[in-house]
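Chemist: I'll drop the sequence and a predicted model, then ask my questions.
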Amino acid sequence: MLVKGHLRIGLIGAGPELLGVCVLALRDDGVVTAVDAAGSASDDSDALLLVLADPIEDGIREFARCLGRFPGKPIIPLGRAVDPEVAVELVKDGAADFLSLPFNPEVLVRKIRRALRMTGPRPAFDSAAFAPLRKDSPSPYDGANRRRCFRAEPLVGYRATATVRGARTVIFQVENLSIVTDGQPGGMLLSANATKAPALPLADWERGRAFELQLQLPHGPPIRTVSRMVPGTLRKGGPLRFAVHYSVDKAADAAQVRAFWLECQRAIRD
């Protein structure tokens, strides 16, 4: 079991100044040690911080080597002026998180603690209340794809909604969101007041009929998505809840969702 105050954090590719900042920031959690990416000193580390080299292509290659060298160990890349899409790809490819340089020490502490609580990829629906949804979720939520998801509910200022327009407009709270990538659809967990159910063709959606959802992020215009209900996820007891797979037609819309997802990754609180 990992015990606060006795954690071992390896730091790869950092100079003395950054090492000192990390040691000070994590002094209440454990020991930070500079290690050689090619050596074995980091084998005893509970987690690794990896400073991405310039140019970024070299940093990405070093990250890939570290993934192979230290399988199963949480790795958090650190980088300066890294494109948001690159950061998304790093997390999608196996990074426990990403942190921009320079960083707020409190953010570093949160990310380390969260990474060490993860025994594997974060589930698509990681609230205990949605355990049945996790069990019923099909393959697009499995494996590395699950890392693309975040828990939206506690993120004040990072709310998203999804609207179905028809004879009666219904607005859903987006409780979880994953991004569209690698030809796979994104996913959303939607909830609304149970009284909204009669206004929706839920039986048709359960049979696989596609429908349009307007995704509204905190900033920017609504994003049109084509969505399908994930089989077996409809819950009518209490709040109306179900999961959907979605796709977007415009590259600009997909980029907007990715940027929002990355903001939420940085803002997630313990």
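Modeler: The structure has been received and is ready for your questions.
Chemist: all contacts plus neighbour counts: C-alpha atoms, from now on.
Modeler: Will do.
Chemist: what's in contact with stretch 10-25?
Modeler: Applying C-alpha atoms under 8 Å, 6 or more residues apart in numbering, the contact partners of stretch 10-25 are 31-37, 42, 45-53, 105-106, 108-109.
Chemist: which of those fall within strands?
Modeler: 31, 32, 33, 34, 35, 47, 48, 49, 50, 51 (DSSP state E).
Chemist: surely residue 51 meets residue 78?
Modeler: Yes: under the criterion of C-alpha atoms under 8 Å, residue 51 makes contact with residue 78 at 4.7 Å.
Chemist: next one: residue 202 from residue 236, what distance?
Modeler: Taking C-alpha to C-alpha, to the nearest Å as the measure, residue 202 falls 10 Å from residue 236.
Chemist: do the same with residue 178
Modeler: Counting by C-alpha to C-alpha, the gap from residue 178 to residue 236 is 23 Å.
Chemist: what ranges of the protein fall below the confidence cut-off?
Modeler: For the chain, residues meeting the criterion pLDDT under 70 lie at 1-6, 36-44, 117-158, 181-183, 262-270.
Chemist: picking up where we left off before, which one of residue 178 and residue 236 is surrounded by more residues?
Modeler: residue 178 (25 against 14; other C-alpha atoms under 10 Å).
Chemist: how near is the more buried one to residue 71?
Modeler: Taking C-alpha to C-alpha, one finds residue 178 at 24 Å from residue 71.
Chemist: got it, and residue 61?
Modeler: Where residue 71 is concerned, residue 61 sits at a distance of 16 Å (C-alpha to C-alpha).
Chemist: so for the two, which residue has more residues nearby?
Modeler: Neighbour comparison, residue 61 and residue 71: the larger count goes to residue 61, with 13 against 10 (by other C-alpha under 10 Å).
Chemist: please report how far the more buried one lies from residue 10.
Modeler: Where residue 10 is concerned, residue 61 sits at a distance of 19 Å (C-alpha to C-alpha).
Chemist: next: residue 169.
Modeler: Residue 169 is 52 Å from residue 10, by C-alpha to C-alpha.
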